[in-house]
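J.: Sequence plus the predicted model coming up.
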Number of protein chains: 4
Amino acid sequence: MAPFVHRIRVRYNECDAQGAVFNANYLVYFDVTITELWRDAFGSYDIALQKYGLDLVVAEANCRYLAPARFDDEVDVALTIEKIGTTAVTERYDVTRSGEQIAEGRVRHVFVDLSDGAKRPIPDDVRATLARYS
Amino acid sequence: MAPFVHRIRVRYNECDAQGAVFNANYLVYFDVTITELWRDAFGSYDIALQKYGLDLVVAEANCRYLAPARFDDEVDVALTIEKIGTTAVTERYDVTRSGEQIAEGRVRHVFVDLSDGAKRPIPDDVRATLARYS
Amino acid sequence: MAPFVHRIRVRYNECDAQGAVFNANYLVYFDVTITELWRDAFGSYDIALQKYGLDLVVAEANCRYLAPARFDDEVDVALTIEKIGTTAVTERYDVTRSGEQIAEGRVRHVFVDLSDGAKRPIPDDVRATLARYS
Amino acid sequence: MAPFVHRIRVRYNECDAQGAVFNANYLVYFDVTITELWRDAFGSYDIALQKYGLDLVVAEANCRYLAPARFDDEVDVALTIEKIGTTAVTERYDVTRSGEQIAEGRVRHVFVDLSDGAKRPIPDDVRATLARYS
């Protein structure tokens, strides 16, 4: 089931005065895409994690920009689960437009307790489901 | 003490492909400015409202755009408390750049209970302090 | 053909610390929706206007907030062309979630010359096409 | 003169439903800070680069998140020029709040021709000035 692909239409306000999507907005696209993966895998982010009293926080994010995306472009964000550790998962994101790769990124999410923010192991069923996207 | 003036430097990502500040970002500027007014008046937004168990929600916002602001411009946002009702306050915002007016807006904030979101009367000392900016 | 309805999924970063969509982001939703109307009516915003050397600028925007939208909600933005003047058009936006109205807004766009930003009359075919959404 | 430090006040809309600054917004903070470095070094970004017909594009960005920043926090973004290559410069960013490090990042900017976007060597005086922040 890898990669999980989500298509995003570039919004006008996401472009800067150079006419290209501002660099920070790719991290927004990554977040939108993993939200859709949670929906695809579990029904929703909340359903997947709230029963365990868990939340996710971003520990690290990275993006390489290969070509600009522009207003009204449709871009495909392909998400692959690259690594599943004890308390963290790393995703790779490949962004293409009409088949041309325009950006590549990685995000590492850590599973934390909703109550105190402490790291918590990934529940087995979450781990098994995420593995299907690797 | 009216108007309360806060200076904001236009960020690159706030400008769109036309090279001008995107319309929605003026509402961000208004929010930043009233946050500074709360600081000026009470020390902070939290100090002013949390002791009463209150929060503020935006009920209505409006902006007229007279001239574009551009990257790296400094704009002055002048806030005047225009109306103090039982549970709501309306602010007027005049945005100038080097003395030229470039936008004008209004926001109506409603005081609500932190616990249930129900409308609550403005506490007397908050009312008295806000009146100094009218 | 009125209203023109576009469905938007609320993104995590669009919500503020109150857990609700930040007020300015409704203006983004309005912009996304009229972009889709241009696509529906003409193929795209660029196709509709660039052949005439025209661009659109926002002259005024307004929003009333009736109920909060939250992360992962799907909201429907219904756009109705309310007034078509000589050089400007006013749209009304009704935002609903599962049939409940949560916001209502208006935006006035002015047609300007791409080269110098001066107001320009709305071309007849653009006027006729927009009228179908009124 | 290294590092170059710029203080930023966290805005309400920059925080997400977890009450912490959304991850992408740190890249905005980095951009705001290097804009201030250009001002400090040359008067402004435009002054530094437009006389050479140059522009900057982001080739890569990275951020590690160590602790959350929250609404109304003041954070200090310390920028150090880490590497000056032929056509690119890499900056390191250390974000602290009251002396505690809360994030660390890197951005690589490439100098390009304003006219065609092709890579261009960094002009000698720009190189010499940037070196003062390394």
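T.: Everything's here; your move. Numbers count the residues shown, from 1 in each chain, chains lettered A, B, ... in the order given.
J.: what about the worst-scoring helix or strand of chain A on mean pLDDT and chain D, touching?
T.: Using mean pLDDT, DSSP states H and E, the weakest-scoring helix or strand in chain A turns out to be helix A:45-50, at a mean of 87. No. Judged by C-beta under 8 Å from any C-beta of the partner chain, helix A:45-50 and chain D are separated, with a smallest distance of 11.0 Å. (Glycine included, C-beta is placed from N, CA and C.)
J.: Then stretch A:72-92?
T.: No. Stretch A:72-92 lies out of reach of chain D by C-beta under 8 Å from any C-beta, never closer than 12.2 Å.
J.: Output the longest strand along chain A in CSV, but only the C-alpha positions, please.
T.: Counting by DSSP state E, the longest strand found in chain A is strand A:100-113. The C-alpha trace of strand A:100-113 is given here as CSV (Å, rounded to 0.1, in the frame of the first residue of the first chain):
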residue,chain,number,x,y,z
GLU,A,100,8.2,15.5,-12.2
GLN,A,101,9.6,15.4,-8.7
ILE,A,102,9.6,18.9,-7.2
ALA,A,103,10.4,18.2,-3.5
GLU,A,104,11.5,15.5,-1.1
GLY,A,105,11.1,15.5,2.6
ARG,A,106,11.2,13.5,5.8
VAL,A,107,9.3,14.0,9.1
ARG,A,108,9.8,12.1,12.4
HIS,A,109,6.8,11.9,14.6
VAL,A,110,7.0,10.8,18.3
PHE,A,111,4.1,9.2,20.1
VAL,A,112,3.5,10.9,23.4
ASP,A,113,1.0,10.6,26.3
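J.: Which elements pack onto it?
T.: helix A:25-42, strand A:54-65, strand A:88-97 (3 or more C-beta pairs under 8 Å, 6 or more residues apart in numbering or on different chains; DSSP states H and E).
J.: Switch these over to TSV; also include distance to residue A:78, mean pLDDT and mean neighbour count.
T.: Formatted as TSV, the helices and strands packed on strand A:100-113 follow (distance: least, C-beta to C-beta, whole Å; pLDDT from 0 to 100; neighbours: other C-beta atoms under 10 Å in any protein chain shown):
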stretch	distance to residue A:78	mean pLDDT	mean neighbour count
helix A:25-42	8	97	21
strand A:54-65	14	97	20
strand A:88-97	4	98	20
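J.: Please render these as CSV that adds distance to residue B:47 to the earlier fields.
T.: Formatted as CSV, the helices and strands packed on strand A:100-113 follow (distance: least, C-beta to C-beta, whole Å):
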stretch, distance to residue B:47
helix A:25-42, 32
strand A:54-65, 28
strand A:88-97, 37
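J.: Residue D:89 is nearest to which of these?
T.: Of all the helices and strands packed on strand A:100-113, strand A:54-65 sits nearest to residue D:89, with 15.0 Å by C-beta to C-beta.
J.: ok, the closest residue to residue A:123 other than its chain neighbours to residue A:117 distance?
T.: Counting by C-beta to C-beta, 6 or more residues apart in numbering or on different chains, residue A:123 lies nearest to residue A:52, which is 5.2 Å off, once chain neighbours are set aside. To residue A:117, residue A:52 is 15 Å away according to C-beta to C-beta, to the nearest Å.
J.: cool, and residue A:67?
T.: For residue A:67, the distance to residue A:117 - C-beta to C-beta - is 38 Å.
J.: still on that earlier bit, residues making contact with the longest strand of chain A?
T.: By C-beta atoms under 8 Å, 6 or more residues apart in numbering or on different chains, the residues outside strand A:100-113 that reach it are A:26-27, A:30, A:34, A:49, A:53-69, A:75, A:82, A:87-96, A:118-122.
J.: Check stretch A:42-52 too.
T.: Stretch A:42-52 has contacts (C-beta under 8 Å, 6+ apart) with A:35, A:38-39, A:41, A:55-56, A:111, A:114, A:120, A:123, A:126, A:129, C:72.
J.: CA atoms only for it, dumped as CSV, please.
T.: Extracted in CSV, the C-alpha atoms of stretch A:42-52 (Å, rounded to 0.1, in the frame of the first residue of the first chain):
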residue,chain,number,x,y,z
PHE,A,42,-7.9,4.0,10.9
GLY,A,43,-10.8,6.2,10.0
SER,A,44,-9.2,9.3,11.5
TYR,A,45,-6.2,10.5,13.5
ASP,A,46,-8.4,10.8,16.5
ILE,A,47,-9.8,7.3,16.2
ALA,A,48,-6.4,5.8,15.9
LEU,A,49,-4.8,7.5,18.9
GLN,A,50,-7.3,8.8,21.4
LYS,A,51,-8.4,5.4,22.6
TYR,A,52,-4.8,4.9,23.7
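J.: buried residues in that stretch?
T.: A:42, A:45, A:48-49, A:52 (16 or more other C-beta atoms under 10 Å in any protein chain shown).
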